[in-house]
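>>> please work out how this folds:
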Amino acid sequence: MDRRRFSLNVAGVAGALALGGAGLPGRARAQGAAPVEGHDFQALAKPVAVPPGGTIEVIEFFWYACPHCFAFEPLLEAWLARLPVDVHFRRVPVGFDARKKVHQRIFYTWEALGLVDKMHYKTFTRFHVQKKPVDTLEDMLLFARESGLDPDKVSAAWRGFGTDVKCKDADRLTDAYDIQFMPEMGIAGRFVAVAQPEQGPASVLASTDWLLDRVRHGR
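Model prediction:
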């Protein structure tokens, strides 16, 4: 599958962060325009099975080394702070190539140890602020030590069977949702909300909210 890269210049990132800080998730929402299929979102030809339970599943597809995902993270956290009770959110790291598969394993290691809240944004910061990527298990163990974590527990979680299973499931979901850019959001097993270069990564949240309303109304 051809994995395209979402191109966003520095000015676009700054604009997106400004919009997020003002509580405006994207240009389309600010202007009151509905997202356009084929541009702002894609409807899946084959729906993806979602967990039972009555809530609407929303998935963020991301990559730790992606600068656009890093810019998106504070906006996403603000969006999650007002998450409706009928929405279930989760993160899925992409594994398009060998390096991304290593980064995929970082997230599921934190998840296995119950450390996502503590380490998720810290991992982004290590990549994009400290400029110290975690590209090997050795990098991960150094990061663990510097963060006051037990490297033996981190190594065990990294190598664990449960982590292997979750990485395979992440690959399955990435393919099922036909993920092309980062960040993207999968909604209800039916749609993918896509950030637009001219609007910044915040635009994906405007499309996500619009698609959630569409799902709620059975459309």
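>>> for the rest of this, base every contact and every neighbour count on C-alpha atoms.
Noted.
>>> which helix or strand in this structure has the lowest average pLDDT?
Lowest by mean pLDDT, DSSP states H and E among the helices and strands of the chain is helix 10-21, with a mean of 35.
>>> low pLDDT regions in this structure?
1-32, 197-198 (pLDDT under 70).
>>> what are the ranges of the helices in it?
Along the chain, the segments classed as helices by DSSP state H run 10-21, 27-30, 67-80, 98-112, 116-128, 137-146, 151-159, 161-176, 203-216.
>>> mind checking which of those is nearest A193?
A193 sits nearest to helix 203-216 of all these, at 5.5 Å, using CA to CA.
>>> how far is the closest one from where the chain is centred?
The chain centroid and the centroid of helix 203-216 are separated by 16 Å under CA atoms, centre = their mean, to the nearest Å.
>>> by contact count, what packs against that helix?
helix 27-30, strand 184-187, strand 191-194 (3 or more CA pairs under 8 Å, 6 or more residues apart in numbering; DSSP states H and E).
>>> how close does the residue nearest to L113 when sequence neighbours are not counted sit to P93?
Counting by CA to CA, 6 or more residues apart in numbering, L113 lies nearest to A157, which is 7.1 Å off, once chain neighbours are set aside. With distances taken as CA to CA, to the nearest Å, A157 is found 16 Å from P93.
>>> could you do D86 as well?
Counting by CA to CA, the gap from D86 to P93 is 23 Å.
>>> neighbour count for the two, which is higher?
For D86 versus P93, neighbours defined as other CA atoms under 10 Å are more numerous around P93 (27 against 13).
>>> please name the nearest non-neighbouring residue to T163.
Distances taken as CA to CA, 6+ apart place Y108 nearest to T163, at 5.7 Å, with adjacent residues excluded.
>>> can you name the residues that contact the one you found?
By CA atoms under 8 Å, 6 or more residues apart in numbering, the residues touching Y108 are W158, T163, K166, C167.
>>> quick one, what contacts the nearest residue to F191 once chain neighbours are set aside?
Setting aside the residues directly before and after it, F191 is nearest to A43 in space (CA to CA, 6+ apart), at 4.6 Å. Residues near A43 by CA under 8 Å, 6+ apart: E37, R190, F191, V192.
>>> now do the contacts for the first one.
Meaning E37. Shown in contact with E37 (CA under 8 Å, 6+ apart): A43.
>>> tell me the spacing between it and H217.
Using CA to CA, E37 is found at 17 Å from H217.
>>> ditto for the last one
Counting by CA to CA, the gap between V192 and H217 amounts to 18 Å.
>>> now swap in the second one and tell me
Applying CA to CA, one obtains 14 Å for the distance of R190 from H217.
>>> just want to know which of the two has more residues nearby.
Comparing R190 with H217 by other CA under 10 Å, the one with more neighbours is R190, at 18 against 8.
>>> in this structure the more buried one contacts F41, no?
No - contact criterion CA atoms under 8 Å: R190 and F41 do not qualify, at 10.4 Å.
>>> now do the end-to-end distance for stretch 37-52.
Chord length of stretch 37-52, first to last residue, is 27 Å (CA to CA).
>>> now it: how far from the chain's centre is it?
Worked out by CA atoms, centre = their mean, stretch 37-52 lies 16 Å from the chain centre.
>>> what comes up buried for that stretch?
For stretch 37-52, a neighbour-count test (16 or more other CA atoms under 10 Å) marks D40, F41, Q42, A43, V48 as buried.
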